[in-house]
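The following block contains a protein sequence and its predicted model.
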Amino acid sequence: MLERKLRMGMVGGGRGAFIGAVHRIAASIDGQIEMVCGCFSSDAERSKASGKDFFLPEDRVYSNYEEMMRAEAALPEDQRMDFVSIVTPNSTHFPVAKAALDNGFHVMSDKPATLDLDEAIALREIVKASGLMYGLTHNYTGYPMVKQARNMVESGAIGKVRKIVVEYPQGWLATRIEESGQKQANWRTDPKTAGASCCMGDIGTHAENLAEYISGLKITEMCAEFTTFVEGRPLEDDGNVLLRFENGAKGILHASQISVGEENSLNIRIYGETGGLEWHQLEPNTLLVKHIDRPTEVYRAGQGYLTEAAAGACRTPAGHPEGYLEAFANIYKNYAHCLSARLSGDQADPVMEDFPDIEDAVRGMAFLDTVVKSAGSNDKWTAMQIP
C-alpha cells in the first residue's frame, strides 16, 4: 500500500453547496485522503474564494474544470492529484468525468452518474478503455447494518427472496421553494440540470440501488406512475413503482418529496421463504431479522456477531450511532484502499472492493430511463434493458 495519503481534487462543492462538504468530510474521516486542488464553482471568482476557505494554494484553485485537468496532468507525478471527486449538478457529471479520465485521473462521482442513459453507456466505455477506477457515492450501501443484511441474504439466512418493499419519502419540496432561490431545489427541479426526473432521479435511484445491493437481485421490469403535485413544477415530485426481479421476486418502490413531515425516511423490507429483514435509515444501527418459527431478532452495529464486512464498516463501540457521514466515508474508505493498492502494485482486500462502480452507475441510469418511460406509457409493464 502507498505510504502516503491519496491526493484528491474536487469539481463543484464551493460556497453555498451542500453535498461538496459531505464529500470532503467523508473523504477525510479515515485520514487516507487529502484535498489538494479544485475547481469549486463555474464562477471563477467564487471558485477562488472557496479555495481560500479550504486553505489551498492559489495556483491549485482553478477557474474551470478543463483548466484543472490540464494543469494537474502537467504537474510532476508526486504532486498532481490522484483522483477527482465530482460534486456538481447532474448535467455536468459526464463531461467532468470524461475530462478526468482522458487526462489519466481516477474518478469518484456523486450520483446519478450522468444526465441520461446514453451518457452513462458512453462513460462506461471510456472507463473501460482508460483502465482507471470509477466510484459512485450510493452512500447508503456504506451503513454497517446494510452490509449485514446483504451478507445474510447471500448466506441464505432468509431463504429465496420473494418480496422487496423499499421507500424513500421526503417532504422538503412540498411547496415550490425553488421560486425563492433555494439552490438545492432550483437545480433538482430544472430538467436542464437534473435530467428527465426530479424525485426519482434524486432519491428513487438510491432506493433502487439499495434494493439491488441487499437482495443481490436485478430489476427486470417495472410499472410506474409519476405525479407532479406542486403546480408549475416541470418534473415529478412523487413516484410509485411496481417491480419484478430476475428470480421472480416482486417489489414495491415508493419515492416522494412532497410527503409533509418526512425527513430522509429511507427504509427497506425484504421477505424470503424462511425469514425477513427490515432496516430504517433513521435508526441505522438496528437491523430486524424476522423468522417463521421464533421471535424477531434485533441485530445492532458494533457487536461481535456481525459479518466481517459489517464489522469493518463500524468505527465506534456498540451504542454509538454509525450515521450518514460515516456511511458516506465507508464508500471513500473502500475506494481509497483499492486505489492505494492499485497505485502501489499490491492486492486489495476483497472485502474492501465493495463500493459502487461504473456498472452500478449504468444500472442506476437504466432504472431511471425505464421508470420515466413506464410512467409516460399506458403499458402495464416496461422491460428494463441495458445495451
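On my side now, so go ahead.

list the contacts for N151?
Residues in contact with N151 (Cβ atoms under 8 Å, 6 or more residues apart in numbering) are 307, 309-310. (Glycine included, C-beta is placed from N, CA and C.)

Give me the subset of the residues you listed lying in strands.
If you go by DSSP state E, the contacts of N151 have nothing in strands.

Can you tell me which of those residues is closest to G9?
Nearest to G9 among the contacts of N151: A309, at 29.2 Å, using Cβ to Cβ.

returning to that earlier point: need the contacts of N151 in CSV with neighbour count, distance to T370 and pLDDT, can you?
Formatted as CSV, those follow (neighbours: other Cβ atoms under 10 Å; distance: Cβ to Cβ, whole Å; pLDDT from 0 to 100):
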residue, neighbour count, distance to T370, pLDDT
T307, 18, 32, 98
A309, 20, 30, 97
A310, 25, 31, 98
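
of all the residues you listed, which comes closest to I126?
Top of the list for closeness to I126, among those and by Cβ to Cβ, is A309 at 29.7 Å.

Once you drop chain neighbours, what's closest to that closest one?
Among residues not flanking A309 along the chain, K147 sits closest, at 4.4 Å (Cβ to Cβ, 6 or more residues apart in numbering).

The one you found touches T307, doesn't it?
Yes - if you go by Cβ atoms under 8 Å, K147 and T307 touch, sitting 7.0 Å apart.

Please verify my assumption that G14 contacts A44.
No - under the criterion of Cβ under 8 Å, G14 makes no contact with A44, lying 10.9 Å away.

At the geometric centre of the protein, which residue sits there?
H138 (1.8 Å; Cα atoms, centre = their mean).

Report pLDDT for it.
pLDDT, H138: 97.

cool, G16 as well?
On pLDDT, G16 comes in at 85.

I386 too?
Per-residue pLDDT puts I386 at 89.

how many neighbours does it have?
16 (other Cβ atoms under 10 Å).

re earlier: TSV please, covering the contacts of N151 and showing distance to R176.
Formatted as TSV, those follow (distance: Cβ to Cβ, whole Å):
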residue	distance to R176
T307	45
A309	42
A310	41
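
Now for M222, which secondary structure element holds it?
Using DSSP states H and E, M222 maps to strand 219-227.

Tell me which residues are up against that strand.
With Cβ under 8 Å, 6+ apart, strand 219-227 has contacts from 197, 199-200, 208, 211-212, 236-246, 251, 367, 370-372, 374-376, 380-384.

Partner strands of the helix or strand just after it and their direction?
As assigned by DSSP H and E, the chain's next helix or strand after strand 219-227 is strand 238-245. If you go by DSSP bridges, strand 238-245 pairs up with strand 219-227 (antiparallel), strand 250-256 (antiparallel).

And the helix or strand following the last one, what does it pack against?
In this case it means strand 250-256. Of the helices and strands lying after strand 250-256 in sequence (DSSP H and E), the nearest is strand 267-272. Judged by 3 or more Cβ pairs under 8 Å, 6 or more residues apart in numbering; DSSP states H and E, the packing partners of strand 267-272 are helix 144-154, strand 161-169, helix 205-215, strand 275-280.

Show me how far the first one is from its chain's centre.
If I follow you right, that is helix 144-154. Averaging C-alpha positions (Cα atoms, centre = their mean, to the nearest Å) puts helix 144-154 18 Å from its chain's average.

which parts of that helix are buried?
For helix 144-154, the neighbour count (16 or more other Cβ atoms under 10 Å) marks 144-153 as buried.
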